[in-house]
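J.: after the sequence you'll find the predicted model.
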Amino acid sequence: MSNLFEAAGMDDGAPRPLADRLRPRMLDEVVGQDHLLKGKGPIARMRDQGRIASMILWGPPGVGKTTIARLLAQDSGLEFEPLSAVFSGVADLKKVFERARARRQAGRGTLLFVDEIHRFNRAQQDGFLPVVEEGVITLVGATTENPSFELNAALLSRCQVLVLKRLGDEALGQLLDRAEADYGRDLPVTPEGRATLTALADGDGRYLLNLAEEVFESEPDHKLEPREIAELLQKRAPAYDKDREEHYNLISALHKAVRGSDPNAALYWLARMLGAGEDPLFLARRIVRMANEDIGLADPTAIHAALAAKDVYDFLGSPEGELALAQAVVHLACAPKSNAVYTAWKGAMKTARETGSLMPPKHILNAPTKLMKSEGYGSGYEYDNDAEGGVSGQDYFPDEMRERPVFYRPTDRGREAVIAERLERWRALRNNRRG
C-alpha cells in the first residue's frame, strides 16, 4: 500500500481515507465476489494452476475491480502497471509496453491494469493485441460498460470476460464491520440508520465506506436515525447513463413488466428511470410502442391512454405530468395482452415481399374508362353495405395466390375474443363462396 502514497509524495503516516485503509491485502479479503474468487471460480482456478490469463473485469463501480487486479499481480509475482484510459494515450501505452519488454528480458512479467478500458478507441484497443499474444503483458481491463458493445471482438477473443456483482447487503455489512474495527467503536447509527447507509451505497463498497467515514467523523452525541443521516449526507444519484447499457437495461425491464401484466414492477422501473433523469418523452414514446406491440386490439383504448399521457405531459411538464405516464403504465400493465396485430403485420410484410407486384383481382378495380370496363375491371363487384350482415364474402387477394394467408389471428383475450368470433363467421362465408 505504501507505494501508492510514496508516489504521491506521502508517507505511511499521512492521513488516509477509510476506503483506502480498508483496501484488502489479499484476495480472500475481497467481499461479494465469491463466484470468481472461491471454490471453482475462474480466478480461484487460475491461482490454483499458477497462471493468470488476460481478462476483462466487468461490473459496477466500487465492487473491487482495481483491488482484484492489484492482488492478482501481487500473488503471481507480476509487476503491477496501472493505467486509466481516461488520462492515457498512445504514448503512455508505448512506454508501458517498452518497460514490460525490458522486464521480460530480465525474466519478470507485467500485469497491465487498464481502468475504464472501454474509453480507448478501436485503434488503441488493437494496440494491445500483439503484446497480449506475445505474452509481453498480462492484460486486466476494468469496465462498467458491456464489453460486447464497447470492446473490439479481436481483443475480447484474447481475454476472458469475468462479471463482478454489485455488493449485496451481506457484503456491505462486512465492510461496515471492518470500518467499526478500524475506528475501534461502533458506527453511531441505529439499526434502521445502518440499513439506510447500506441502501444509499447502492451496491458500491467504496461509496459505503466514504459514507461511514463521514458519519464517524461527524462524532454525533447519539445514534443517528435515518432522517438524521439523510440530513448529514447528500443522497447519491442512482447509477445511470442515458446513452449506456443501464439505460437499455431499465427500459427493457419497464417494457417487460408491462408485457408481463405486473403494474407494481412497471411503476418501480418507471420511477427508477424518471428519478435518474430519463427524458419523460422518451418514456412516453416507449409507452405508445407497448400499447401497439403488446396490447393491440385486446384493449383498443390502450393506445389512446398512451397518447393522452404524452399530451398531458406536454401540457403540464414535470413533476405533475409524470403522473399521467404512471397512469398509462398501470393501464397498459392491467390490460389484456395481444401481439396478434404485431405478428400479423410482420407476416403481411413478408408475404408482400415474396409475391412481388401481383395485381388485385379485377372485380375490385375501378373502371373509369371504356377500355378498362372491356377488360373486366369492376365486373361482378358487390357493395358490401348492401349485402346481408354487411359482408358480401368476396375475395380480395390476387387471383394468382391460390392459398389465402391468415395473418391476423386474434386471441381469446379482451376485445379480441369478440373479434375472433366475427372473423370466423366471415371466413366461413368466403370459403362457401369460393366453393
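T.: Arrived safely.

J.: ends of stretch 39-57, how far apart?
T.: Start-to-end span of stretch 39-57 (CA to CA, to the nearest Å) is 19 Å.

J.: who are the contact partners of residue 157?
T.: With CB atoms under 8 Å, 6 or more residues apart in numbering as the criterion, no residue contacts residue 157. Any C-beta I mention is one placed from the backbone N, CA and C, and that applies to glycine too.

J.: quick one, helices of the stretch 101-250 of the chain?
T.: Taking DSSP state H, counting those that start in this stretch, the helices of the stretch 101-250 of the chain run over residues 122-126, 128-133, 147-150, 153-156, 169-183, 191-201, 205-218, 226-232, 245-259.

J.: in TSV, list the ones you listed along with mean pLDDT.
T.: TSV is the format used below for these (pLDDT from 0 to 100):
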stretch	mean pLDDT
helix 122-126	88
helix 128-133	92
helix 147-150	86
helix 153-156	91
helix 169-183	94
helix 191-201	90
helix 205-218	93
helix 226-232	86
helix 245-259	87
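
J.: just the CA atoms of stretch 319-326, as CSV, please.
T.: Coordinates of each C-alpha in stretch 319-326 appear next as CSV, following Å, rounded to 0.1, in the frame of the first residue of the first chain:
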residue,chain,number,x,y,z
PRO,A,319,-43.4,16.7,-12.0
GLU,A,320,-47.2,16.8,-12.4
GLY,A,321,-47.2,15.4,-15.9
GLU,A,322,-45.2,12.3,-14.7
LEU,A,323,-48.4,11.1,-13.0
ALA,A,324,-50.0,10.8,-16.5
LEU,A,325,-47.2,8.5,-17.6
ALA,A,326,-47.7,6.4,-14.4
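
J.: average pLDDT for that stretch?
T.: What stretch 319-326 shows for mean pLDDT is 93.

J.: repeat that for stretch 342-350.
T.: 92.

J.: list the buried residues in that stretch.
T.: By neighbour count with 16 or more other CB atoms under 10 Å, stretch 342-350 contains the buried residues residue 344.

J.: now swap in stretch 150-170 and tell me
T.: Across stretch 150-170, burial judged by 16+ other CB under 10 Å covers 150-152, 155-156, 158-159, 161-162, 164-167.

J.: which of the residues you listed lies closest to residue 127?
T.: Taking CB to CB as the measure, residue 127 lies nearest residue 155 of the buried residues of stretch 150-170, at 9.7 Å.

J.: per the annotation, how does the protein divide into domains?
T.: For the chain, the structural domains run 33-163, 169-232, 245-334, 359-434, going by automatic domain parsing.

J.: picking up where we left off before, make a markdown table from the helices of the stretch 101-250 of the chain and add distance to residue 60 to it.
T.: Compiled in a markdown table, these are given as follows (distance: least, CB to CB, whole Å):
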| stretch | distance to residue 60 |
| --- | --- |
| helix 122-126 | 22 |
| helix 128-133 | 24 |
| helix 147-150 | 14 |
| helix 153-156 | 20 |
| helix 169-183 | 13 |
| helix 191-201 | 11 |
| helix 205-218 | 10 |
| helix 226-232 | 22 |
| helix 245-259 | 9 |
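
J.: still on that earlier bit, and the domains of the chain: which comes nearest residue 24?
T.: Among the domains of the chain, domain 33-163 comes nearest to residue 24, with 5.6 Å by CB to CB.

J.: flag every buried residue along the helix or strand where residue 270 lies.
T.: Per DSSP states H and E: residue 270 is located in helix 263-275. Along helix 263-275, these residues count as buried under the neighbour rule (16+ other CB under 10 Å): 263, 265-267, 269-270, 272-274.

J.: ok, then the element right after it?
T.: Defined by DSSP H and E, the subsequent element after helix 263-275 is helix 280-290.

J.: just the C-alphas of that next one, formatted as CSV.
T.: Taking only C-alpha atoms (Å, rounded to 0.1, in the frame of the first residue of the first chain), the coordinates of helix 280-290 have been written out as CSV:
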residue,chain,number,x,y,z
PRO,A,280,-40.1,11.7,-19.9
LEU,A,281,-40.9,12.0,-23.6
PHE,A,282,-38.7,9.1,-24.4
LEU,A,283,-40.7,7.1,-21.9
ALA,A,284,-43.9,8.3,-23.4
ARG,A,285,-42.8,7.1,-26.9
ARG,A,286,-42.0,3.7,-25.4
ILE,A,287,-45.4,3.5,-23.7
VAL,A,288,-47.1,4.1,-27.1
ARG,A,289,-45.0,1.4,-28.6
MET,A,290,-46.0,-1.0,-25.8
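
J.: who's in contact with that helix?
T.: Contacts of helix 280-290 (CB under 8 Å, 6+ apart): 251, 254-255, 258-259, 270, 273-274, 303, 306-307, 309-310, 313-314, 318, 321-322, 325, 328-329, 332.

J.: so for that helix, mean pLDDT?
T.: Here the average pLDDT along helix 280-290 is 93.

J.: now do stretch 95-103
T.: 94.

J.: ok, now which ones touch the residue nearest the centre of the chain?
T.: Central residue of the chain (CA atoms, centre = their mean): residue 249, 2.0 Å from the mean position. Neighbouring residues of residue 249 by CB under 8 Å, 6+ apart: there are none.
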